[in-house]
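> My questions concern the predicted model and sequence given below.
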Amino acid sequence: MTSDGSKPGLDPSDWQEFRAAAHDLLDACIDRLASASEHPWQPTPEEVRATYALAETGGGMKDPAQLANDLRDSVLPYGTGNTHPRFFGWVHGTGLAEGLLSEMVAATMNANCGGRDHGTIYVERAVIDWTRRVMGFPESSSGVLVTGTSQATVIALQAARLRALGADMRTKGQNGRWLTAYAGAGAHNAARKAVELLGLGHENLRRIPEGDAGLDLDALREKIAEDRAAGAIPFAIIGTAGSVDFGRFDDLNALADIATDEGLWLHVDGAFGAWTRLADSPWKELTDGIGRADSLACDFHKWMYVPYDCGLCLIRNEDEHRAAFAARPSYLAAQDSGLAGGDPWYCDYGIDLSRGNRALKVWSAIRAHGPDGLGRAITDNCRRAAQMGELVSSTPGMRLMAPVVSNLCVFTADETLSPDAQSALNSAIAQKLQLSGEVVFSTTLAQDVTCLRAAITNHRTRPEDIELSIAAVVREAAASRT
């Protein structure tokens, strides 16, 4: 016993007391999920934020019930609100009840999934292999679960760079060689960050003009030829499956043809849109050709509804993937058997040595709902976006600012106003409806107007939620005229 009468170490001094507090908190979490439609986003009050401060000294909290109560009352109510069925801001995933179960098990196991021979490594392999088959990648593919598409893009482009420059790039660097990559003008900012982190400079990410059908293929070919003539080494095309602003899809088969003709690596940013592979027609066909890519970045925490965070980098050729990252010091040497077995280790396929157990929540979602159940939810989200688009088009004064391709709807509340006045109105409506808790829209720029933007990735969204949301916009637009 210590001087204050407690047991040494950091485990609870009374496991039964801890059990009771944990059960109460679990009930609160389940209640929160079961009543998600009653809990929109709300600002965190200043007095609650003040309770988050941490002391520099002191013995800490001895009573597990007190900690559980703080988590329930001061933390649980103040998320981003993305579990609510009328949360359409950005492209936020909405979580699954099964994630609560899998995250409890993952926290209890506390496994480092960087490598070694243990169960969660095999779970991750199962998740990656399942995704490989869904996306049409060959058995030669490999993958690694990561924080999200931003990290996956860095990993993929590093493998692409190694192919372009050869294995000595890891020891000698680029050695003055000038690399260029190509993406549509609306490609996600993750592509820019990736080329900057790799030291290429974002000016060497060539932004190709695009329209509703994706990037301009003729302009892409012309830019590749122009760069080659100037002495550059074009090395990668970045295709988009679901653009973040408008939900657009590049023609992936056409990009694969160009990549083959030009000898370039084709990477696909499929952060959310890749999962239309599970949807019904016509949305499934949006990602035709995705299996021809050299690499794919996608997120399970967006349109697969898995709790944050979990993304995937999938690479067509495992040898190229491993060659870009494997570097095992002696203290991490593999063995034929025992805990140090289990090759391959995931630390040889990405940036992280210490890795959390992301796979278990994905595995649980797939086991619980299957590809058919998840596909039905994705299909329904696309139908809800189409429903919103139809309501906008049939409402006097409103106007769609881009076609509804998949699960995004971008519109203006009153097209009769000047562009500046439309922008001010749309921004004001977004903020007012967020604060009222009725609906969360984000905003984006289209045709020089700041527009309302709905990204529907919520399995809880129903037709009546769409009707209520558009009715709220109509009401606020009318109120602005009085």
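Right, received. Where do you want to start?
> The lengthiest helix in the chain packs against which elements?
Secondary structure of the chain per DSSP state H: the longest helix is helix 359-393. Where contact means 3 or more C-beta pairs under 8 Å, 6 or more residues apart in numbering; DSSP states H and E, helix 359-393 is packed against helix 97-109, helix 119-135, strand 399-400, strand 408-412, helix 463-481. In short, each C-beta sits where N, CA and C put it, glycine included.
> could I get the ones you listed as CSV with mean neighbour count, distance to residue 302 and mean pLDDT?
Below are the helices and strands packed on helix 359-393 laid out as CSV (neighbours: other C-beta atoms under 10 Å; distance: least, C-beta to C-beta, whole Å; pLDDT from 0 to 100):
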stretch, mean neighbour count, distance to residue 302, mean pLDDT
helix 97-109, 16, 14, 96
helix 119-135, 18, 14, 96
strand 399-400, 18, 23, 98
strand 408-412, 29, 12, 98
helix 463-481, 17, 19, 96
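> In a markdown table, list the ones you listed along with distance to residue 196.
Below are those laid out as a markdown table (distance: least, C-beta to C-beta, whole Å):
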| stretch | distance to residue 196 |
| --- | --- |
| helix 97-109 | 32 |
| helix 119-135 | 27 |
| strand 399-400 | 34 |
| strand 408-412 | 26 |
| helix 463-481 | 37 |
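> Quick one: residues contacting the residue positioned nearest the centre of the chain.
Nearest residue to the geometric centre of the chain (C-alpha atoms, centre = their mean): residue 299, 4.0 Å. By C-beta atoms under 8 Å, 6 or more residues apart in numbering, the contact list for residue 299 reads 93, 148, 149, 271, 272, 310, 311, 312.
> Which residue ranges of the stretch 151-300 of the chain form strands?
179-184, 205-208, 210-211, 214-215, 233-240, 265-269, 295-299 (DSSP state E, counting those that start in this stretch).
> List the strands paired with the fifth one, with their directions.
Sheet pairing for strand 233-240, assigned by DSSP bridges, gives strand 179-184 (parallel), strand 265-269 (parallel).
> got the buried residues for the longest helix of the chain?
Within helix 359-393, the residues that count as buried by 16 or more other C-beta atoms under 10 Å are 359-366, 369, 374-389, 391-392.
> got the angle between that helix and strand 408-412?
Going by axes from the mean of the first three to the mean of the last three C-alpha atoms, to 10 degrees, helix 359-393 is angled at 40 degrees with respect to strand 408-412.
> picking up where we left off before, of all the helices and strands packed on helix 359-393, which one is nearest residue 265?
Among the helices and strands packed on helix 359-393, the nearest to residue 265 by C-beta to C-beta is helix 119-135 (16.5 Å).
> low-scoring stretches of this protein, by residue?
For the chain, the stretches with pLDDT under 70 are 1-7, 329-332, 340-341.
> residue ranges of the helices in it, please?
15-34, 46-50, 64-70, 97-109, 119-135, 149-165, 169-172, 189-197, 217-229, 252-262, 318-325, 359-393, 419-436, 463-481.
> tell me what the shortest one is packed against?
To tie it back to what came earlier, the one meant is helix 169-172. Contact here means 3+ C-beta pairs under 8 Å, 6+ apart; on that basis helix 169-172 packs against helix 149-165.
> What of the first one?
In terms of contacts (3+ C-beta pairs under 8 Å, 6+ apart), helix 15-34 is packed against helix 64-70, helix 97-109.
> And that helix, how far out from the chain middle?
Relative to the chain's own centre, helix 15-34 is displaced by 29 Å; criterion: C-alpha atoms, centre = their mean, to the nearest Å.
> can you give me the angle it makes with helix 97-109?
Interaxial angle of helix 15-34 relative to helix 97-109 (the same axes, to 10 degrees): 150 degrees.
> got the contact list for helix 15-34?
Under C-beta under 8 Å, 6+ apart, the answer for helix 15-34 is 12, 39, 63-65, 67-68, 71-72, 76, 83, 95, 97, 100, 104.
> List just the nearest of those to residue 46.
Nearest to residue 46 among these: residue 76, at 18.2 Å, using C-beta to C-beta.
> give the contact list for that closest one.
Residues counted as contacts of residue 76 (C-beta under 8 Å, 6+ apart) are 28, 29, 32.
> try 10 Å this time
25, 28, 29, 31, 32, 39, 70 (C-beta atoms under 10 Å, 6 or more residues apart in numbering).
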